[in-house]
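Asks: Could you work out the structure for the sequence below:
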Amino acid sequence: MQIWFAINTFLKIKINGHRIELGEIEDAISNYQYIKKVKVLKQEINKREFITAYYTADKKIAISKIREFISSFLPKYMIPSFFIELEEFPYTLNGKINKKMLNSKKSGVKWWNVGENV
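Replies: Below is the predicted model of the structure:
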C-alpha cells in the first residue's frame, strides 16, 4: 500500500480581499520566453499593498509584453504592480533568494528595468 501526500508549497497572501498564490504568478511569468528566474513578493508602500515581480532574463523584455502574456493566464488582480529586472538575484548564505535585499535599493542589487502598473 502506498500513500501519497500532495503538499501545496505556494505562499498565499491576501490583497484587497483576494487570496493570491504568489507561486502561481511566478509560474505564469516563468513561462514567458527569455525569463530565466522569477520571484514574486508582496510589498507595502505607504500603507498600500502591492505585488512585485523580480526577474532575470536572457535579453531585455518590454514589461508590457510580460503583462500581456500573463494576463491570458491570470486575473487582473494577480498581475504584479511592479516588474523589476535584476542582473542577478541576491542569495543568503544558505543559497536561498534573499527577500530582504530585494526590497531594498540600497542592497547593491542592480535594478535594470522597473515597470509600474499602479
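Asks: Next up, phi/psi of residue 65, please.
Replies: phi -70, psi -40 (degrees, to the nearest 10).
Asks: can you pull the contacts of it?
Replies: Counting by CB atoms under 8 Å, 6 or more residues apart in numbering, residue 65 touches residue 32. No exception for glycine: its C-beta is placed from N, CA and C like everyone else's.
Asks: ok, now how distant is it from residue 46?
Replies: According to CB to CB, to the nearest Å, residue 65 and residue 46 sit 29 Å apart.
Asks: ok, now residue 71?
Replies: Remark: distance between residue 71 and residue 46 (CB to CB) = 26 Å.
Asks: Look at those two and report which has more neighbours.
Replies: residue 71 (13 against 4; other CB atoms under 10 Å).
Asks: what's the neighbour count on the closest residue to the more buried one other than its chain neighbours?
Replies: The shortest distance from residue 71 to any non-neighbouring residue, by CB to CB, 6 or more residues apart in numbering, is to residue 79 (6.1 Å). By other CB under 10 Å, the residues close to residue 79 number 19.
Asks: Verify the contact between residue 79 and residue 69 for me.
Replies: No: between residue 79 and residue 69 there is no contact under CB atoms under 8 Å: 10.5 Å.
Asks: ranges for the strands of this protein?
Replies: 12-15, 18-21, 35-45, 48-57, 82-86, 111-116 (DSSP state E).
Asks: which sections of this protein are below the confidence cut-off?
Replies: For the chain, the stretches with pLDDT under 70 are 1-10, 104-118.
Asks: Would you mind measuring the gap between the ends of stretch 31-49?
Replies: 25 Å (CA to CA, to the nearest Å).
Asks: Which residues outside it are in contact with it?
Replies: For stretch 31-49, the surrounding residues in contact (CB under 8 Å, 6+ apart) are 13, 15-16, 22-23, 25-26, 29-30, 50-59, 61, 65-66, 69-70, 73, 80, 82, 89, 97, 99, 102-103.
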